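Asks: my questions concern the predicted model and sequence given below.
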Amino acid sequence: MKNSWILTMCRKQTEMKSNVKDFFSEWYIYIILIVFWVTSCSISPYFRTISNFSNIFESAVPIALIGLGQTIVILSGGFDLSVGVTASLATAIASETMGLSITLGILLVLGVSFVVGLINGFGVSKFNIESFIMTLGMMFLLKGIAFLLRPTPGGYIPESFQKALLYKISGFSIVAVLILILVAVIGITVLQRRKFGREIYAVGGDPNAAKMAGINVDKTKMKAFIISAICAGLGGLFIAARIGSGNSNAGDPYLFDSFTVVFMGGTLVTGGIGGYKGTFGSTLIIASLSSILQFMGITIWYHFIIKGLLLAGVVGIQLYIIRRRTS
Amino acid sequence: MEEVLKIDSISKHFPGVQALNKVSFGLEKGKIYGLVGENGAGKSTLVKILMGLYQPDSGEIIVKGKKVTISDPTFAREKCGIDTVFQEHSLIPQMSIAENIFLDKLEKYYTNGVINYRKLREDAKRALKAVNLDMDVSLPAGEISEGEKSLIEFARSLNRDPDILIFDEMTASLESNIVREVFDIMRDLKKKNKTLIFISHRLKEVLRVCDEILVLKDGNFQGIVDNQRKDTNPEIIREKIINKMTGRKTGLLFPPKNKLKRSTEVVLSISNLSNQYLKKINLEIYKGEIVALAGLRGQGQSKLLRTIAGLLPKNEGTIKLFGKELIINNPRSAIKNGVFYISNQRDLEGLWLSQDVWLNISLPSINKRSKFGIISKRNDKKVVENMIHKLEIKTPFIRQLVRYLSGGNKQKVVLAKWLLAQPKILLIDQPTMGLDIGAKIEIYKILRQLSNKGISTLVVLAELEEVTNLPDRVLVMREGQIVNEFIGEIKDEELLDSYYV
């Protein structure tokens, strides 16, 4: 069938638009990152040191991990509010059990995270509970368990575990950087080029259509929450290594950061559009932002204000774009 | 002949409706079957049961002599060889065409553990060739036309090589020359001994391509009409089918047009109205007139209504109501002036689906029935019930959620709510879209009654039969302009001729 010229013309236009759109949505965040780094290095002599960049990369690891889980859940059309507390709980578990055996500690954290994700996923897919409510409930539940386990900061994280994760070559945190690269490669590959990743997009894009296309929607959602919880657990382990103890509050701020990096990276609140490439770039920006604000002598309370405005602004811009595109 | 699919006494009940009632029939290999019935007759339910999206309450499905329980679409496709080109599009808008085609078998495209998109695109291109479509398969499915979506779904189903292929209203979004090509492909499939089920509201198409036609009415199987003998007059077969579908003798019945002389009172007058979709629109609508906007699809008819209703900004021009200029820059100001717009997307823009009939009808005019800011519930209920009675809205009770009403009754609820708010003029976009014949006739009747009472309507109509029979006057639009006007008796050919340049 020779398509009418109107169709052809429409298609030409959309093709052009989506090329431009793709370029910006995929790479703009890295352009911002480089500009940010260059300006920060030129204003602050403290910023342009190896130890500062080591610090940035180390603090980026938990955000990258938790952000990966959150990206997957949001792409699938949900929210996971329990990630921060899962990380907190992980530090508590680690501080209680790693003294016996590091492997045991790691396995326990992974096991507990798996169960957390399973329950979240089960509630959301089988009982149709709004993910927002389900994970909010989970958040408070885990908070209670974490404090039962570790009412005050403390416990024991073996030095060998800390040293392994924070290993430095001439002052540069090489292990942290390797972890970051690994997480980025896995995150991007799985979401862009594995069947599971594409199913996440399909489910978040249109669950009914995905079901008709033969995708097991419930199972896919379940997997998303399990991965998110495990990512949070792993993030918690890294946090434990950094602070050298268990702390039932330590993971909480990462909930906020995970949303910021996901939305800043171009993943849409509505699901189905976005990816880890953007989340990862934003992770590096957020980690660097804390550092430069510190060097500029801005007190921590202002960090909260700035981050809050950033999140609201980013989501506001997104919604504006969505509205413009749909009208 | 071998029976490939047998349905034995299938029933399915939903709250408030018996969607299917002991439906039984058998289908043979190498035949094209039509499946017809008014909206709500149970066609879609039947399709969803065959695809494993619903489970029947009772009854058996026998595929190739074996009893099966179809648990999900994958089972239907892989174990039973049944596939469907769905009515509601089953493409993911954000994903590329290529990915959509192979969404359920992406693992077959792994090279070194990751999806090989080049191979995927090549295969997708090949799959599209089967339906004579050549396009960039990396485009997101949300950015292509409805017709193309249908064809892509068709291609996807063909690629799976099913034994039984169901077309659920597939041709509704296709142009006639493309429909012809789809029919050619269907006849090829028939030669390959496939069984096809063609569901459509367009009886003409059903009669053109189908060997036998299955008829459903209110969930009951009404029997099979044979269409294989070439010597029978298609009109007779058509009559037979309509008889089984409705119990009525003929198809659409239109109320008589206004015989009286046109009123000289101008209700709405528009001069030089322009924006990015419209070019210098001038029109006047007289009291009690039904004026239709016609033309090919998407020539600005709907945009004109939306502009008058304040949903689209106007760049220049004036809109006058009873000679007084209106400043309309949002739907609120239009409604305040008694200019009511009824969208063709009933479920999205016309109703609160999750609320009951009462609230839906009452809300826009609720202030009229309240004193000192307090609503008189008894009075409100009486007024709403009166309206339900007048428009013959079929609802089991006034508190029924609108979601569960049929399309025709939903449309009547939309009309009812605006009628209570006392319209000066109604702007209606395709009032009978997606409705069955019975409901259409009732909507025509209501519009004509309103006209006799002096309420004018400006209505977008798509179907030729409606354009020639319903309105008092027809304005033909092309590329955002009004290019022709017809009053009184209209010939089909003349009207169609004016659609094209």
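Replies: That came through fine.
Asks: residue boundaries of the helices in the stretch 101-250 of chain A?
Replies: Remark: helices assigned in the stretch 101-250 of chain A by DSSP state H, counting those that start in this stretch are A:102-126, A:131-149, A:159-165, A:174-193, A:195-205, A:207-212, A:217-243.
Asks: ok, the residue most central in space within chain B to B:H201 distance?
Replies: Per C-alpha atoms, centre = their mean, the C-alpha nearest to the average position across chain B is that of B:G434, at 2.7 Å. Counting by C-beta to C-beta, to the nearest Å, the gap from B:G434 to B:H201 is 8 Å. In this view, the C-beta of every residue, glycine as well, is placed from N, C-alpha and C.
Asks: could you do A:L136 as well?
Replies: Relative to B:H201, and taking C-beta to C-beta, A:L136 is found at 46 Å.
Asks: can you list the residues of the stretch 201-327 of chain A near chain B?
Replies: Taking C-beta under 8 Å from any C-beta of the partner chain as the contact definition, the stretch 201-327 of chain A meets chain B at A:201-202, A:205-206, A:208-216, A:272-273.
Asks: okay, and B:L5 sits in which element?
Replies: strand B:3-14 (DSSP states H and E).
Asks: quick one: distance of that strand to the chain centre.
Replies: 26 Å (C-alpha atoms, centre = their mean, to the nearest Å).
Asks: ok, B:Q355 touching B:L401?
Replies: Yes: using C-beta atoms under 8 Å, B:Q355 makes contact with B:L401 at a distance of 6.8 Å.
Asks: mind checking which of the two has more residues around it?
Replies: B:L401 (17 against 14; other C-beta atoms under 10 Å in any protein chain shown).
Asks: what pLDDT does the closest residue to the more buried one other than its chain neighbours get?
Replies: Among residues not flanking B:L401 along the chain, B:D356 sits closest, at 5.6 Å (C-beta to C-beta, 6 or more residues apart in numbering or on different chains). We have a pLDDT of 92 for B:D356.
Asks: pull the number of nearby residues for A:L107.
Replies: 12.
Asks: no wait, A:L293
Replies: Neighbours around A:L293, by other C-beta under 10 Å: 17.
Asks: tell me the SS of it?
Replies: helix (DSSP: H, G, I helix; E, B strand; the rest coil).
Asks: can I assume it is in contact with A:H303?
Replies: Yes: the criterion here is C-beta under 8 Å, and A:L293 meets it with A:H303 at 5.4 Å.
Asks: now B:L391. Its backbone dihedrals?
Replies: Here is the backbone geometry of B:L391 (degrees, to the nearest 10): phi -90, psi 0.
Asks: on that earlier part again, right, and the residue nearest to B:L401 touches B:V402 too?
Replies: Yes: B:D356 is within contact range of B:V402, at 6.8 Å (criterion: C-beta under 8 Å).
Asks: between these two, tell me which one has more neighbours.
Replies: Just comparing B:D356 and B:V402: by other C-beta under 10 Å the higher neighbour count belongs to B:V402, 24 against 18.
Asks: for the closest residue to B:E463 other than its chain neighbours, helix, strand, or coil?
Replies: Of all residues not flanking B:E463 in the chain, B:T432 sits nearest, at 7.7 Å (C-beta to C-beta, 6+ apart). At B:T432 the chain is in coil, as set by three-state DSSP.
Asks: contact partners for B:T432?
Replies: B:411, B:439-440, B:443-444, B:463, B:466 (C-beta atoms under 8 Å, 6 or more residues apart in numbering or on different chains).
Asks: pick out the lowest-pLDDT one from those.
Replies: Lowest pLDDT among the contacts of B:T432: B:E463, 78.
Asks: counting neighbours, what do you get for that residue?
Replies: Quick note: B:E463 (other C-beta under 10 Å) scores 16 neighbours.
Asks: related to what we said a few turns ago, most neighbours among the residues of the stretch 201-327 of chain A next to chain B, which one is it?
Replies: Ranking these using other C-beta under 10 Å puts A:A202 first, with 29 neighbours.
Asks: how close does the closest residue to it other than its chain neighbours sit to A:R194?
Replies: Sequence neighbours aside, A:A210 is the residue nearest to A:A202 in space, at 4.2 Å (criterion: C-beta to C-beta, 6+ apart). A:A210 sits 16 Å away from A:R194, going by C-beta to C-beta.
Asks: residue 275: neighbour count?
Replies: Defaulting to chain A. 20.
Asks: chain B, not that one
Replies: Neighbours of B:N275 under the rule other C-beta under 10 Å: 19.
Asks: picking up where we left off before, between the contacts of B:T432, which is nearest B:I178?
Replies: Ranked by distance to B:I178 (C-beta to C-beta), the contacts of B:T432 are led by B:E463 at 18.3 Å.
Asks: ok, which residues in the stretch 101-250 of chain B are in contact with chain A?
Replies: B:103-104, B:106-107, B:110, B:113-115, B:117, B:132-133, B:135-136, B:139-140, B:143-145, B:147-148, B:151, B:175, B:177-178, B:181.
Asks: give the contact list for B:N272.
Replies: Taking C-beta under 8 Å, 6+ apart, we find B:N272 in contact with B:280-282, B:316-318.
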